[in-house]
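> sequence isn't available, so here's the structure alone:
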RNA sequence: GGGGGAUUAGCUCAGUUGGCUAGAGCGUUUGACUGGCAGUCAAAAGGUCGCAGGUUCGAUUCCUGUAUCCUCCA
């Protein structure tokens, strides 16, 4: 039997023999395509070639591509594991022709590979051709039909496919064309005798499956819906590797192939459960389902992390977190893993894929650590949720239902997955109020939406100018005109938004805050100055935000004629750009010190500080931070001139080795910021210092964690860094002065602390001793009354605790105490009542006694049946209160 | 950006009409038993109840602000 490794190799070797260039898989995380989070098909990385935006390295290419799908027609994450053939991550084998060969070769080779190399039985194969679509004005694919007929010798295994199954389009416009699929029937003979496989093609049967899709790109869709015939026709094929292996290895399930069996065997050892004990296909056996879920998900997560996507709380990172958590959940619930287990599977995969995807082996340790951290965090979350659930089961034992609000609270506040709640509830015989949950979720969404919206009036157009422009890269001041303004109501009040023809104000973007400054208006009748508190980008416009503006009192003619001088706050701006340029240097230095896995996760620069989040799995040590500081400050001292390049084609920028930030969208032309081409090259639209020397000084102020796998550092630059150092110095100097300039400041403070603790203990001991004397005196005043030993007195103590202590001490010395003690503390009366447990009854209850008695001193109180305290505000009533308390006996 | 929650001993956490000498388990220290290890038993030490205000006779508990962490939504 061919191993999966051999099957993959045979594919690539076959196409090498047909003069194809083999290229490596693109990273699974789509870094340069803003429309995609992950590679979702074999052709995604070649999109630019089909669109004609780039030239392929060869006209014939073949590869295996790592793909990830979690949503779509057949890929709902929640379904994976319940059947035998759906996956989150999968490999797509493909061969491509860019204006080279077309249908004849593509179909002949496909058939040759399947039947000659892989030796798949011919009588189990079916092929489909496009039947045509009148509405779209696309004809029946006669060409493909004829080719297949000549290959197969007859048309009895050819199926006609409709537009949905057999016409392929990349988007609303662009290259498209019919396709031909090859299906295989893997059912046992007796079933085939009962029902011919031809009837089951494209019918979602787990054993009659499509294994290869050959797309003929021969048209181009225009915006008006019409089709043009392409000059350079292309071939785009995709063969699902996991399914192919199932077919060749004669298995009933993708999970029975050696691709997944390594992992599953380890899972069996770890869990002590046997996979497939009740029949492999069973979706009722949750142990089996769980193993499939884990085996599938660990691949997806491990390779996603390898390709640069850490689990996080939004975007692509959240997708990875959800996949990982789903696997942990299944392992936890059905395989009885209560401790991190996913991370232990990474070495299995690293070994299995070391020849085809060596990147996992290279980053084995890192990937393991990230997954383990994430597992620990989530297991803690699960534990908390389970405890809460247990309480709910106890409290609602008679209702047998968990209301929607509680379910929502579990998920919203404690991150406990809704379906897990439902699952556990079912096991306990509880129902879950799903409608109520959905209502709560809708409310939450509404809240978030509502908050996001501000009430904005329509723009009031003053001057019609279609091209407002930003000139801040070259100027800090502009003499210009008012284009439009509007009034906006926010939660905090009212503000005006102003758009100018030209502006030197940078609008917040890429982490750099917006500029502030002034707008000086000169109209024919008046002059006034507006203070700009912020500048934000909206639909490509620089929107200046001002708190007050007299626009409504000025005629439209005068506004139109107004000359506006826009000036940014230069000092603030210069502090901001120091921080921004320093951030670039810092990123480069971090990568140098910590490694290439350092990827920007977020950044923020204002005039005070630069804050930078990046992916890294452990605390950055003080030594590492110092190294980074040293590198950055060295680069500052080298006074490297800014090399700023505008309108660089994105491909050219990437060739330069530019660092692009994941999650940022880039156009075809980008701005590149270079400080020493060997050190820092970044795609960036922000403002920078003309030379690094201007930054002056760079100093970290903090390092910490934002979430698992992400660290946050903050740093200051320039005058702010100096100010900070001075502040610290001032504190130390002041401390020294206060401590009378000791030789070792730290040691003397420690000594002071120790001394203080010792003295405190001494005072306590003395007070206790004093209390003992009071106690002895009081013991002499014991009066027998109704079988109880009564002590009542007004005493002097240091604090409320001492009074408490005294009553307990007295209790210990007496057989059947009834103690009433009062004291005056800070001008307020305090009362304590202690009665023997044997005396406690409905009427003789310390809490009640004290409450009644406290009325005498205008106060209240409470406590336990045998001991209670009360306070009040009238010292003069203390004596009466004591008497009152005594009178209860 | 908005909502919810958490913050109590070295660690993990309990602690409701505001008054319970602020607790448990693990860990630490000491003592006893044992030939030693391990263990068992007994005892002890260890707390600004995140921080700052406020309400109250009295706040770990209620309110406001703030910091940090968790979590959901956008």
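Perfect, thanks for sending it. From a predicted model like this one, the values you see are computed outputs, not experimental measurements. Numbers count the residues shown, from 1 in each chain, chains lettered A, B, ... in the order given.

> which residue does the stretch 551-700 of chain A have closest to RNA strand B?
residue A:604 (9.4 Å; Cβ to the nearest atom of the strand). (Each C-beta comes from the backbone N, C-alpha and C, glycine too.)

> ok, the closest residue to that residue other than its chain neighbours - how many residues close by?
Closest residue in space to residue A:604, ignoring its immediate chain neighbours: residue A:611 at 4.4 Å, by Cβ to Cβ, 6 or more residues apart in numbering. Other residues within reach of residue A:611, judged by other Cβ atoms under 10 Å, total 20.

> spit out the contact partners of residue A:611.
Residue A:611 sits next to A:603, A:604, A:605, A:712, A:713, A:714 when contact means Cβ atoms under 8 Å, 6 or more residues apart in numbering.

> 7 Å - rerun?
By Cβ atoms under 7 Å, 6 or more residues apart in numbering, residue A:611 lies in contact with A:603, A:604, A:712, A:714.

> by neighbours, which of the residues you listed wins?
Counting by other Cβ under 10 Å, top hit in the contacts of residue A:611: residue A:603 with 22 neighbours.

> what bridges to that one?
residue A:612 (DSSP bridges).

> one more: residue A:822?
residue A:794, residue A:831.

> and it, how far from RNA strand B?
Distance, residue A:822 to RNA strand B, by Cβ to the nearest atom of the strand, to the nearest Å: 12 Å.

> then residue A:91?
Taken as Cβ to the nearest atom of the strand, the span from residue A:91 to RNA strand B is 29 Å.

> shouldn't residue A:149 be in contact with residue A:157?
No - the criterion here is Cβ atoms under 7 Å, and residue A:149 misses it with residue A:157 at 9.7 Å.

> which of the contacts of residue A:611 lies closest to residue A:542?
When the contacts of residue A:611 are compared for distance to residue A:542 (Cβ to Cβ), residue A:604 wins out at 19.4 Å.

> what about the closest residue to residue A:162 other than its chain neighbours, how many residues close to it?
If the residues on either side of it in the chain are set aside, residue A:162 comes closest to residue A:131, at 6.0 Å by Cβ to Cβ, 6+ apart. The number of residues packed around residue A:131, counting by other Cβ under 10 Å, is 19.

> residue contacts, residue A:131?
Applying Cβ under 7 Å, 6+ apart to residue A:131 gives the contacts A:140, A:160, A:161, A:162.

> ditto for residue A:587
A:600, A:659 are the contacts of residue A:587 under Cβ under 7 Å, 6+ apart.

> helix or strand: which one has residue A:422?
Assigned by DSSP states H and E, residue A:422 belongs to helix A:418-427.

> for that helix, list every residue counted as buried.
For helix A:418-427, the neighbour count (16 or more other Cβ atoms under 10 Å) marks A:418, A:420, A:421, A:422, A:423, A:424, A:425 as buried.

> if I look at the closest residue to RNA strand B within chain A, how far off is residue A:878?
Residue nearest to RNA strand B within chain A: residue A:871 (2.0 Å; Cβ to the nearest atom of the strand). Using Cβ to Cβ, to the nearest Å, we find residue A:871 at a distance of 11 Å from residue A:878.

> need the strands for the stretch 101-250 of chain A, in chain order.
Listed in chain order, the strands found in the stretch 101-250 of chain A under DSSP state E, counting those that start in this stretch are A:125-130, A:158-161, A:167-169, A:174-185, A:208-221, A:227-240.

> what are the pairing partners of the first one, and which direction each?
When you say that, I think you mean strand A:125-130. Per DSSP bridges, strand A:125-130 is paired in its sheet with strand A:158-161 (parallel), strand A:174-185 (antiparallel).

> mind putting those strands into a markdown table with mean pLDDT, distance to residue A:853 and mean neighbour count?
Converted to a markdown table, these look like this (pLDDT from 0 to 100; distance: least, Cβ to Cβ, whole Å; neighbours: other Cβ atoms under 10 Å):
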| stretch | mean pLDDT | distance to residue A:853 | mean neighbour count |
| --- | --- | --- | --- |
| strand A:158-161 | 91 | 93 | 18 |
| strand A:174-185 | 90 | 89 | 23 |
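
> re the thing from before, packing partners of the helix holding residue A:422?
Judged by 3 or more Cβ pairs under 7 Å, 6 or more residues apart in numbering; DSSP states H and E, helix A:418-427 is in contact with helix A:315-334, helix A:404-414, strand A:431-432.

> 6 Å instead, please
helix A:404-414 (3 or more Cβ pairs under 6 Å, 6 or more residues apart in numbering; DSSP states H and E).

> next, the buried residues of the helix it packs on.
Quick answer for helix A:404-414 (16+ other Cβ under 10 Å): A:404, A:406, A:407, A:408, A:410, A:411.
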